[in-house]
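Colleague: this is a predicted model, with the sequence first.
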Amino acid sequence: MPGPESPPGRVGSDAGGFRLSNNAKEFRVEAWGYWTPEVISAFRRLSPVAARKLSALGAFVFDAKELKPQGIDGQEALRELFRMMAALPFTKGSVFAENALARMQLTRLVRDAGLAERVGFE
């Protein structure tokens, strides 16, 4: 029997997942909860494709207000996205994080990827 359907663009469950939305003006990642290996795998597969549609005049928004601190594999998936974003042109980057530990992780990953000067934390 199939499980409940996810809203369009949503990957994962209420316990952990993400949603990607993109166009030439904005690449937005909404992330929440703690990611399972399946969610991490989907993020690694889908986020680079979505990010490449962002234009030089666009904004990168990472909404992690409900994201929990991630394990090693989840951190590595985020690091991969941030490294890729460092090579893309965009005008503004913002990260929103409320959980203090998740914010510290994201701050380190953004800095390690070379995005610290281009992405602000809200």
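Modeller: That came in fine, so what should we check first? Numbers count the residues shown, from 1 in each chain.

Colleague: first-to-last residue distance for stretch 105-120?
Modeller: 14 Å (CA to CA, to the nearest Å).

Colleague: confirm for me that Asn22 is in contact with Leu46.
Modeller: No: checked against CB atoms under 8 Å, the pair Asn22 and Leu46 is beyond contact range at 10.2 Å. Bear in mind the C-beta positions are built from the backbone N, C-alpha and C, glycine included.

Colleague: who has more neighbours, those two?
Modeller: Asn22 (19 against 14; other CB atoms under 10 Å).

Colleague: quick check, pLDDT for that one.
Modeller: Asn22 carries a pLDDT value of 88.

Colleague: now Ala51
Modeller: 89.

Colleague: so what's it up against?
Modeller: Asn22, Phe27, Phe60, Leu81, Met84, Met85, Leu88 (CB atoms under 8 Å, 6 or more residues apart in numbering).

Colleague: please check those residues and keep the buried ones.
Modeller: Asn22, Phe27, Phe60, Leu81, Met85 (16 or more other CB atoms under 10 Å).

Colleague: give me the contacts around stretch 43-50.
Modeller: For stretch 43-50, the surrounding residues in contact (CB under 8 Å, 6+ apart) are Val11, Phe18, Leu20, Ser21, Asn22, Phe27, Val29, Trp35, Ala77, Glu80, Leu81, Met84.

Colleague: next, give phi and psi for the closest residue to the third one other than its chain neighbours.
Modeller: If you skip the residues right next to it in sequence, Leu20 has Ala50 as its closest partner in space, 4.4 Å away by CB to CB, 6 or more residues apart in numbering. With angles defined as degrees, to the nearest 10, Ala50 shows backbone torsions of phi -70, psi -40.

Colleague: what about the strands in this structure?
Modeller: 10-13, 16-22, 26-33, 59-67, 92-97, 119-121 (DSSP state E).
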